[in-house]
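Asker: Whatever this is, show me its structure:
(2 chains)
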Amino acid sequence: MILKQISIFVENKPGRLAEITEIIAESNVDIHALSIADTTNFGILRIIVDNPEDAEKALKAADLTVSITSVISVTVEDKPGGLAGCLRLLADKNIPVEYAYAFVSQTTDKACVVLRIEKDFEAMQVLTEAGYTGLDIQ
Amino acid sequence: MIVNYWQKDIETMKRADIEAIQLAKLKKLVDYCYNNVPFYKKKLDDAKVTADKIKELSDIKYIPYTTKEDIRDNYPYGLFAVPRNKVVRIHASSGTTGKPTVVGYTANDVNLWTDLVSRIVVSAGATQDDVAQVSFGYGLFTGALGLHYGLERIGATVIPASSGNTEKQIMLMEDLGTTTLISTPSYSLYMAEVAKEMGKTKDNFKLRLGLFGSEGCTEEMRDKLEETWGLFVTDNYGMSELTGPGVSGECIYRCGLHIAEDHYIPEIISSKTLDVLDDPSQEGELVFTTLSKEAFPLLRYRTKDISSLDYEPCKCGRTHVRMKKVTARADDMLKIKGVNVFPSQIESILVKMPHISPNYQLVITTKNYMDSIEVRVELTDSSLLEKYSELENLEKTIYNKIKTVLGIDVKITLLQPKSIERTAGKAKRIVDMRDKKTI
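Answerer: Sure, this is the predicted structure:
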């Protein structure tokens, strides 16, 4: 359920994202989920990959600013209210979510999201007790 | 602290004695230039100045200035005062535009120069027990050979490592037990970066002294270098036109750079009115007259460097005047939206900031007839990636600090580490695109 997420600082200039994904591709690492937030000046790329250690090594070797954090993956029903139910559960327990983004969908009836939560262990307990599962891809 | 001297009698001479030497030498110099350099003959004739007109030191004001353009106009040998067969060495300063500035030395000049450098390295604390690595580029540039000769003369073990091949530099530094490092501030910063990548810390080295020069260095940058390498850093000053390094240097008290006054007369002038400032402790453009050079004498040479002079005797016992550390060149001054900006002001702010590397670049562009500065810095702290707002705060903090100090808006651009070019020589901190079309 708990996965390692890689955050990469991205300069805002044409081709940066292509270069970064190429570095990941060359280290033979598969990207399962990604999110990119940007302003006019820079962006932060966040990715979930199958082999975070190799990806981190390759990115650092290319002089990129990289950090690794724990995030939670949760599988929800791919239907109206699927995600809302899970988030309500956390909200009621007073567990704030910093940010969230979705995995590339593999099936039609299930969806998987990445949640960044400071109190990740507590969140995991709440979600597991309620019957939620996560992905185990690393 | 132990204070050492190279030529104690001269370095601690009474002011009246220094001035007596200067006046006698100045009179001779005017004659010498008049008789040996047609360019000066004409200039002095036009200004109606002869040696007889120099009755006291302040009469130097009657002598016309010499500028870098004069040297260029007389390229290559026009300002030489001796026949070419008396010249034993040529140096040249990097001409950023067109021809370089060529200077020459007689055997006596080289000998004198060597003593001048010995003076500044001894006053900085170097001794014959030191292993000195000269990581300036050897060549036409005076820095490397100047320091090399001066350090050798005091009996130090000199390693002429030159610049570049940084990993080998670091290996030599560790294996040979280098105690004194000579380089530009920016190159030593780069060496520290490479050393870190090689898994070395300051404990791997025996460094104790850093003689950094040839480019301006703010006190903040100096502190950073001391902390990074664990050494004591002094600044020294010189330029090839005036001989090279050795014109002035800091003593261990670091309260200004002692000028070798028995060989140079410094003045502070207003770059605007070209008058000598009544109070030399005020900042202005530094002007030098060389008193002892044979091959390439200079009368009132305008350095374009901004400094001031302090005639109070120093705690170290030296009586020679101290010039304020040059952190700004008149040429470097940028006018942005009508505000005078010295890149060193921005450097002082950036070097103290956490989360970014001390490497930076200022890019100046014009858009719709308005100048703007972009400050490029490298983000090194990956912990800030967790929250987007932290990166934005970092940008805002740098922006606000610069705004407070300079009163202008700058654009802050965060770059990834090592995206700003590293050089083994003088760092290229300013990219002025104002003459070019900007998109």
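
Asker: Can you give me the buried ones in the helix or strand where residue B:371 lies?
Answerer: Using DSSP states H and E, residue B:371 falls within strand B:370-379. By neighbour count on 16 or more other CB atoms under 10 Å in any protein chain shown, the buried set for strand B:370-379 is B:371, B:372, B:373, B:375, B:376, B:377, B:378, B:379. Every C-beta, even on glycine, is put in place using the N, C-alpha and C of the backbone.

Asker: where does the residue in the stretch 1-150 of chain B that chain A sits nearest to land on pLDDT?
Answerer: Relative to chain A, the nearest point of the stretch 1-150 of chain B is residue B:135 (23.2 Å; CB to the nearest CB). pLDDT, residue B:135: 94.

Asker: And the strands in chain A?
Answerer: Here chain A has its strands, by DSSP state E, at A:2-11, A:31-38, A:42-49, A:66-77, A:99-102, A:110-116.

Asker: Show me what from chain B comes close to chain A.
Answerer: With CB under 8 Å from any CB of the partner chain as the criterion, chain B meets chain A at residues B:379-383, B:385-388, B:391-392, B:395, B:412-419.

Asker: what's the closest residue to chain A within the stretch 101-250 of chain B sitting at in phi/psi?
Answerer: When distances are taken as CB to the nearest CB, the stretch 101-250 of chain B reaches nearest to chain A at residue B:197, 10.2 Å away. When read as degrees, to the nearest 10, the backbone of residue B:197 gives phi -60, psi -30.

Asker: Tell me how far stretch B:312-328 lies from the chain's centre.
Answerer: 15 Å (CA atoms, centre = their mean, to the nearest Å).

Asker: returning to what we had before: may I see the buried residues of strand B:370-379 arranged in JSON lines, with pLDDT as well?
Answerer: Converted to JSON lines, the buried residues of strand B:370-379 look like this (pLDDT from 0 to 100):
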{"residue": "B:371", "pLDDT": "77"}
{"residue": "B:372", "pLDDT": "83"}
{"residue": "B:373", "pLDDT": "88"}
{"residue": "B:375", "pLDDT": "93"}
{"residue": "B:376", "pLDDT": "93"}
{"residue": "B:377", "pLDDT": "93"}
{"residue": "B:378", "pLDDT": "92"}
{"residue": "B:379", "pLDDT": "92"}
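
Asker: just curious, which of these is nearest to residue B:406?
Answerer: Nearest to residue B:406 among the buried residues of strand B:370-379, counting by CB to CB, is residue B:373 at 9.0 Å.

Asker: Contacts only, for the closest one.
Answerer: Contact analysis of residue B:373 by CB atoms under 8 Å, 6 or more residues apart in numbering or on different chains lists B:334, B:336, B:341, B:362, B:363, B:364, B:408, B:410, B:411.

Asker: among those, who's most crowded?
Answerer: residue B:341 (24 neighbours; other CB atoms under 10 Å in any protein chain shown).

Asker: mind listing what that residue touches?
Answerer: By CB under 8 Å, 6+ apart, the contact list for residue B:341 reads B:333, B:334, B:335, B:373, B:406, B:408.

Asker: since we're on residue 48, how many residues are nearby?
Answerer: Unless you meant another one, I'm taking chain A. Counted with other CB under 10 Å, residue A:48 comes out at 25.

Asker: that's the wrong chain, I meant chain B
Answerer: 8.

Asker: What residues does chain A have near chain B?
Answerer: Residues of chain A found near chain B (CB under 8 Å from any CB) are A:7-9, A:11, A:37, A:39, A:41-42, A:44, A:63-67, A:69, A:98.

Asker: so who does the residue nearest to residue A:7 when sequence neighbours are not counted touch?
Answerer: Using CB to CB, 6 or more residues apart in numbering or on different chains and skipping residues adjacent in sequence, the residue nearest residue A:7 is residue B:385, 4.0 Å away. Going by CB under 8 Å, 6+ apart, residue B:385 touches A:7, A:8, A:9, A:44, A:65, A:66, A:67, B:391.

Asker: If we use 10 Å, what do you get?
Answerer: Shown in contact with residue B:385 (CB atoms under 10 Å, 6 or more residues apart in numbering or on different chains): A:6-9, A:44-46, A:65-69, B:379, B:391.

Asker: Thought residue A:114 was touching residue A:1, still the case?
Answerer: No: contact between residue A:1 and residue A:114 fails when scored by CB atoms under 10 Å: they sit 11.0 Å apart.

Asker: any shared contact partners between these two?
Answerer: A:71, A:72, A:73, A:74, A:134, A:135.

Asker: Please state the offset of the lengthiest helix in chain B from the chain centre?
Answerer: Using DSSP state H, we find that the single longest helix of chain B is helix B:15-36. With CA atoms, centre = their mean as the basis, helix B:15-36 stands 26 Å off its chain's centre.

Asker: what do you get for stretch B:29-48?
Answerer: Mean-position distance between stretch B:29-48 and its chain equals 29 Å (CA atoms, centre = their mean).

Asker: can I assume residue B:248 sits in a strand?
Answerer: Yes: assessed by DSSP: H, G, I helix; E, B strand; the rest coil, residue B:248 belongs to a strand.

Asker: Let me know the pLDDT of it.
Answerer: 97.

Asker: So residue B:238: helix, strand or coil?
Answerer: Classification of residue B:238 by three-state DSSP places it in strand.

Asker: quick one: contacts for it?
Answerer: B:113, B:116-117, B:120, B:142-143, B:146-147, B:213-214, B:244-249, B:257, B:260, B:288.

Asker: still on that earlier bit, between residue A:1 and residue A:114, tell me which one has more neighbours.
Answerer: Shown here are residue A:1 and residue A:114; by other CB under 10 Å, residue A:114 has more neighbours (24 against 17).

Asker: May I ask you to confirm that that one is in contact with residue A:120?
Answerer: No: in this structure, residue A:114 is not within contact of residue A:120 by CB under 10 Å, at 11.5 Å.

Asker: Now do the shared contacts for these two.
Answerer: With CB under 10 Å, 6+ apart, residue A:114 and residue A:120 have common neighbours A:71, A:72.

Asker: related to what we said a few turns ago, which of the contacts of residue B:385 lies closest to residue B:183?
Answerer: Nearest to residue B:183 among those is residue B:379, at 25.8 Å by CB to CB.

Asker: ok, for that closest one, nearest residue in space, not its chain neighbours?
Answerer: Nearest residue to residue B:379 in three dimensions, chain neighbours excluded: residue B:414, at 4.7 Å (CB to CB, 6+ apart).

Asker: The one you found touches residue B:377, doesn't it?
Answerer: Yes: Residue B:414 lies in contact with residue B:377 (CB under 10 Å); the separation is 6.3 Å.

Asker: okay, and the common contacts of those two?
Answerer: Common neighbours of residue B:414 and residue B:377 (CB under 10 Å, 6+ apart) are B:355, B:356, B:394, B:395, B:398.

Asker: Now intersect the residues you listed with the strands, please.
Answerer: Checking these against DSSP E, those in strands are residue B:356.

Asker: can you redo the shared contacts of residue B:414 and residue B:377 as CSV with neighbour count?
Answerer: Compiled in CSV, these are given as follows (neighbours: other CB atoms under 10 Å in any protein chain shown):
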residue, neighbour count
B:355, 20
B:356, 21
B:394, 20
B:395, 20
B:398, 22
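
Asker: Reformat the shared contacts of residue B:414 and residue B:377 as TSV; add distance to residue B:269.
Answerer: Listed next are the shared contacts of residue B:414 and residue B:377 as TSV, based on distance: CB to CB, whole Å:
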residue	distance to residue B:269
B:355	42
B:356	38
B:394	42
B:395	40
B:398	35
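
Asker: Kindly indicate which of the shared contacts of residue B:414 and residue B:377 lies nearest residue B:236.
Answerer: Closest approach to residue B:236 among those (CB to CB): residue B:356, at 28.4 Å.

Asker: if I pick that closest one, what's in contact with it?
Answerer: B:350, B:377-381, B:384, B:394, B:398, B:412, B:414-415, B:417 are the contacts of residue B:356 under CB under 10 Å, 6+ apart.

Asker: Tell me, how many residues neighbour the residue of the stretch 101-250 of chain B closest to chain A?
Answerer: Using other CB under 10 Å, the number of residues around residue B:197 comes to 11.
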